[in-house]
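1. Sequence first, predicted model second:
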Amino acid sequence: MELQKINGHSREDGFDGLDVLAEHEEFLPHKIGVKKENRFTDFEGKTSFGMSIFNLSNAIMGSGILGLAFAMSNTGIILFLILLVCIAILSAYSIHLLLKSAGVVGIRAYEQLGNRAFGAPGKIVAACIITVHNIGAMSSYLFIVKSELPLVILAFLGRQHNTGEWFLNGNYLIMIVSALIILPLALMKHLGYLGYTSGFSLSCMVFFVISVIYKKFIIPCPLEYLNITAINETDCEPQLFTTNSQTAYTIPILAFAFVCHPEVLPIYTELRDATKKRMQTVANISIMAMFVMYLITALFGYLTFYGNVESELLHTYSKVDNLDVLVLCVRVAVLVAVTLTVPVVLFPIRRALLQILFPEKPFNWFVHIAIAFCLIFVVNLLVIFVPSIRDIFGIIGATSAPCLIFILPGIFYVRIIPEDQEAFRSRPKIQAACFAALGFIFMIMSTSFIMIDWVTGESRSGGGH
């Protein structure tokens, strides 16, 4: 019975015998009566199934949702749907590879998987990729706060123009929001406690999606409110398949919209009664929920503005009516959502830095608080002093997102799964290797497109995660 049920996990939970024994060799003492040194993963998860879904869904949901309608306008409805389905399936498969690798060796940290696969260099590379990518994501969220919050305050004051008061300065506003909201949430010890704010954040994005649907039936076409001199009949006809110079950015936009992999293993660690099957279900439900929200937002946003939709959907609504009450409420909802997402994104960065700087140290409140403060400080400096960080985020996303989704999970799986379980030329390992190769192709293509844009001087459209 003890072999069949270890720490509450039965065989029916989805573990096979080797995975259970291997994992609990890492978490339980090897000898009775000998105290094992505590590690940051050595505690029983207490986060419920529902809260874990909220946290992972909130990690998936990002500012990229505002650019999906623009992506659909550059691909057509059918091609966009095909690409969205493919990216969602590949993301779920990528999480499967991570969970399988973590289960075999009993490790639930991305950086430690790198260490197990390639030693210290693998651990450092994984930690650096996570840090760079998530700092970019945090910065993109605070850029939304910097640009949108002054407009919301102006609307509440009933004014059309910014007259230069300090409370309408975006730089001051992001510092205030960081100090009063983001920092206190980032100081929590465990990621699971953010499930409540994640649930509220997701409810704000649901309101955004509902508003996009409603506006489709309110805003007429042709768009008489927009300053468009020539309107063709085709402007109000949806395209099923289309390509143009901006189509190449659709795959990066969609890929960035599903990046959640640095958060998967920390959420897995804190999941109550954690098993691979249970965590994979959390991931599948979260991806499916975000797939539905992304598709609805893109479809109804596109069917509202057709070829006139901008890369940032909220800006397009503002051109119709800048003082529209519903649009104002949507702006507030999006601001709340991205603000509450920043602490969730910060947790994996802090864990990555702890793995590099203090791998064997027990939990320390001073280090915990200092890292959170320094990260938020650095991100604030980026948002304040870099006038246009859009292309920088593009190149970071084109390199770090494929690594996190495709390359690292694939090569970790090939290196970590023992050959006595799966031969090197077995079908699962060949699939994982092809998956990693696809990531390299995607990274080269995305980087090339951005470089071509820089060389030609064309404005780059789209958004990151």
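-> Received it, and whenever you're ready, just let me know what you need.
2. What mean pLDDT does stretch 56-63 get?
-> Averaged over stretch 56-63, pLDDT sits at 78.
3. tell me the phi and psi of Phe241?
-> Reported as degrees, to the nearest 10, the phi and psi values for Phe241 are phi -130, psi 130.
4. Count the neighbours of it for me.
-> Per other Cβ atoms under 10 Å, the neighbour tally for Phe241 reads 11. For glycine as for every other residue, the C-beta is placed from the backbone atoms N, C-alpha and C.
5. And Leu240, by the same measure?
-> 11.
6. quick one: it from Ile253, how far?
-> 19 Å (Cβ to Cβ, to the nearest Å).
7. Lys215 touches Leu326, doesn't it?
-> Yes - using Cβ atoms under 8 Å, Lys215 makes contact with Leu326 at a distance of 7.3 Å.
8. Of the two, give the one with the bigger neighbour count.
-> Lys215 (20 against 15).
9. now the strands: where do they sit in this protein?
-> In the chain, the strands defined using DSSP state E lie at 5-6, 9-10.
10. By mean pLDDT, show me the worst of the ones you listed.
-> Among the strands of the chain, strand 5-6 carries the lowest mean pLDDT, a mean of 33.
11. in stretch 257-274, what counts as buried?
-> Of the residues in stretch 257-274, 257-271, 274 count as buried by neighbour count, 16 or more other Cβ atoms under 10 Å.
12. again but with stretch 410-430, I slipped
-> Gly410, Ile411, Phe412, Tyr413, Val414, Arg415, Ile416, Ile417, Glu422, Pro428, Lys429.
13. what does it rub up against?
-> 18, 94, 97-98, 100-101, 104-105, 113-114, 116-118, 432-437, 439 (Cβ atoms under 8 Å, 6 or more residues apart in numbering).
14. same question, stretch 168-184
-> Under the criterion Cβ under 8 Å, 6+ apart, residues 142, 145-147, 149-150, 153-154, 162, 166-167, 339-340, 342-343, 346, 372-373, 376, 379-380, 383-384 lie in contact with stretch 168-184.
15. Buried subset of these, written for PyMOL?
-> Filtering the contacts of stretch 168-184 down to the buried ones (16+ other Cβ under 10 Å) takes a single PyMOL command:
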select buried, resi 142+145+146+149+150+154+339+340+342+343+346+372+376+379+380+383
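16. just so I have it, where are all the helices in the stretch 201-350 of the chain?
-> Using DSSP state H, counting those that start in this stretch, the helices found in the stretch 201-350 of the chain span residues 250-257, 261-270, 276-305, 313-320, 325-357.
17. Now do the last one against helix 313-320, angle only.
-> If you take axes from the mean of the first three to the mean of the last three Cα atoms, to 10 degrees, helix 325-357 sits at 160 degrees to helix 313-320.
18. swap in the second one?
-> For helix 261-270 against helix 313-320, the angle by the same axes, to 10 degrees is 120 degrees.
19. other SSEs contacting helix 261-270?
-> helix 49-60, helix 77-105, helix 110-118, helix 120-157, helix 276-305, helix 325-357 (3 or more Cβ pairs under 8 Å, 6 or more residues apart in numbering; DSSP states H and E).
20. Name all residues that make contact with the closest residue to Val212 other than its chain neighbours.
-> Spatial nearest neighbour of Val212, excluding adjacent residues (Cβ to Cβ, 6 or more residues apart in numbering): Phe300 at 4.8 Å. Contacts for Phe300 (Cβ under 8 Å, 6+ apart) come out as Ala69, Val212, Ile213, Lys215, Lys216.
21. and the two most separated of the residues you listed?
-> Farthest pair in these (Cβ to Cβ) is Ala69 and Ile213. Separation: 12.1 Å.
22. who has more neighbours, those two?
-> Between Ala69 and Ile213, Ala69 has the larger neighbour count (other Cβ under 10 Å), namely 26 against 15.
23. residues contacting Ser73?
-> Gln239, Tyr302, Phe305, Tyr306, Gly307, Val309.
24. separation between it and Phe291?
-> In this view, Ser73 and Phe291 are 19 Å apart by Cβ to Cβ.
25. And Gly199, by the same measure?
-> Distance of Gly199 to Phe291, computed by Cβ to Cβ: 19 Å.
26. Those two: who's more crowded?
-> Taking neighbours as other Cβ under 10 Å, Gly199 and Phe291 compare with Phe291 leading, 20 against 17.
27. For my notes, please list the helices and strands packed on helix 261-270 in JSON lines and give distance to Leu187 for each entry.
-> Formatted as JSON lines, these follow (distance: least, Cβ to Cβ, whole Å):
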{"stretch": "helix 49-60", "distance to Leu187": "17"}
{"stretch": "helix 77-105", "distance to Leu187": "27"}
{"stretch": "helix 110-118", "distance to Leu187": "22"}
{"stretch": "helix 120-157", "distance to Leu187": "15"}
{"stretch": "helix 276-305", "distance to Leu187": "25"}
{"stretch": "helix 325-357", "distance to Leu187": "9"}
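28. so which of the ones you listed comes closest to Asn244?
-> Here helix 77-105 is closest among those (Cβ to Cβ), at 11.9 Å.
29. gap between that closest one and the chain center?
-> How far helix 77-105 lies from its chain's middle: 13 Å, per Cα atoms, centre = their mean, to the nearest Å.
30. list the buried ones in it?
-> For helix 77-105, the buried set under the neighbour-count rule, 16+ other Cβ under 10 Å, comprises 77, 79-81, 83-84, 87-88, 90-105.
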